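Participant: sequence? don't have it. structure:
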């Protein structure tokens, strides 16, 4: 039988009907100060014209009832289960779940596991529900003091397996190191995998109530070791645009990479590689040479060393100090980069002045030094450090100004870092460099195959010298 129980409320201009279903007669529904009503077994239709907090009691406070209170504010159904007698029981599940008693009258919510409390004795149909798990139905004979435990079967169990192993995060929360498993609730989730040195891998996973246990296998980019050696070395190595000095050992992602090895005065080596495992790369670079052809035969001194007599010479690409004396007695002096084949004529009415000042003016033109200038024969004016100096240039002559000696420091390879000690103290230089000093000059390379070896040169006032330090490592050994 259906009961319609009108309540005497002040009308607010709207009304709604709530269906209350009970498993027994005698459940009392309270409406606060508005009153109460005794419900009959089955359906009870109650009409409201405003939201109400309904409270339920079994048999005037005796026995057991669930739920105890419900806020009703729109048309709907409320299930209430009650019993005169109750017993103490313990019910637990893995994972925590909501559990209900079901009957012909409906589904009655009891509580959440783990549960310790009173419920009606006897045989009942129980339903356990948890998000991400299959519903579990059990018929239980409820008795005083008994304990019940059930394990729900997951339907959205995800196991993540990555190669290589990675740190796994779900919705920015750390899950663990793969392989790792977790239960995902219904909805969309962001799964991220992190390995040091590898860009993060992110995936979106949609889970619904019917999702099955899933093993998700993810192949992440692997790190490989690349070793690059050069002959000679040290040289420059570029890996995907990033510059290093050889030898190079680095970790990078497998896949396609572009490697270049280069050094001033040597042929560049280029490699396009698809790397899937650790790899050793060797760059053997060929020296670049140019032809210097003079107008007549003579004697060439290259970088402070006598090369020989002749008209044509093979000179390595790069920065050099050239001194040439023709058979007719004329002399030439050049401090220059040799970058291509050249034809060189005698220096007619030309002499050289090596100026050691950092900033100076010669014949009204500004320069940054130290530097060697080839000037016409005759008188010239030098303004340096606040002083004006007049000097003469003779044909084929080499003069050092404003005083002291000049040491041309060259190296193989060029661009070598060195520590230089003079009477003025220590400083770091990069070859090629002109050092102004008088007395003992000590040079120690801090790169290449001659690291730590000391070279000593003594300079007199007005004197110039050239030192070439070969710090290449050829074929894995010093030369």
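Facilitator: Nice, thanks for sending it over. Bear in mind the structure is a predicted one, so any value in this text is a computation, not a measurement. Residues are numbered from 1 along each chain as shown.

Participant: report the residue ranges of every domain in the chain.
Facilitator: Listed domain ranges for the chain are 3-151, 157-219, 223-284, 405-478 (source: automatic domain parsing).

Participant: can you put these in JSON lines and add mean pLDDT?
Facilitator: JSON lines is the format used below for these (pLDDT from 0 to 100):
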{"stretch": "domain 3-151", "mean pLDDT": "79"}
{"stretch": "domain 157-219", "mean pLDDT": "88"}
{"stretch": "domain 223-284", "mean pLDDT": "91"}
{"stretch": "domain 405-478", "mean pLDDT": "88"}
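
Participant: could you export the ones you listed to TSV, including columns for mean neighbour count and distance to residue 385?
Facilitator: Placement of C-beta: from N, CA and C, glycine included. Formatted as TSV, these follow (neighbours: other CB atoms under 10 Å; distance: least, CB to CB, whole Å):
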stretch	mean neighbour count	distance to residue 385
domain 3-151	16	84
domain 157-219	15	54
domain 223-284	16	33
domain 405-478	17	12
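
Participant: out of the ones you listed, which gets nearest to residue 358?
Facilitator: Among those, domain 405-478 comes nearest to residue 358, with 9.9 Å by CB to CB.

Participant: quick one, phi/psi of the closest residue in space to residue 209 that isn't next to it in sequence?
Facilitator: Of all residues not flanking residue 209 in the chain, residue 186 sits nearest, at 5.6 Å (CB to CB, 6 or more residues apart in numbering). The phi/psi pair for residue 186 (degrees, to the nearest 10) reads phi -60, psi 140.

Participant: which outside residues touch the longest strand seen in the chain?
Facilitator: If you go by DSSP state E, the chain has its longest strand at strand 289-302. Contacts to strand 289-302, defined as CB atoms under 8 Å, 6 or more residues apart in numbering, come from residues 306-317, 320-328, 338-346.

Participant: spatially central residue for the protein, please.
Facilitator: Central residue of the chain (CA atoms, centre = their mean): residue 197, 5.8 Å from the mean position.

Participant: list the contacts of the closest residue to it other than its chain neighbours.
Facilitator: Nearest non-adjacent residue to residue 197, counting by CB to CB, 6+ apart: residue 223, 5.4 Å away. Residue 223 sits next to 195, 197-198, 251-254 when contact means CB under 8 Å, 6+ apart.

Participant: how close does residue 189 get to residue 207?
Facilitator: 7 Å (CB to CB, to the nearest Å).

Participant: ok, back up a step: now the contacts of residue 223 as TSV including distance to residue 413 and secondary structure?
Facilitator: Shown next, in TSV, are these (distance: CB to CB, whole Å; DSSP: H, G, I helix; E, B strand; the rest coil):
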residue	distance to residue 413	secondary structure
195	37	strand
197	31	coil
198	35	strand
251	27	strand
252	25	strand
253	30	strand
254	32	coil
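
Participant: the residue nearest to the centre of the chain against residue 251, yeah?
Facilitator: Yes: counting by CB atoms under 8 Å, residue 197 touches residue 251, with 5.9 Å between them.

Participant: Serialize the domains of the chain to a markdown table and add fields for distance to residue 360.
Facilitator: Shown next, in a markdown table, are these (distance: least, CB to CB, whole Å):
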| stretch | distance to residue 360 |
| --- | --- |
| domain 3-151 | 83 |
| domain 157-219 | 52 |
| domain 223-284 | 28 |
| domain 405-478 | 12 |
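
Participant: so which of those domains is nearest residue 393?
Facilitator: Smallest distance to residue 393 across the domains of the chain (CB to CB): 14.2 Å, for domain 405-478.
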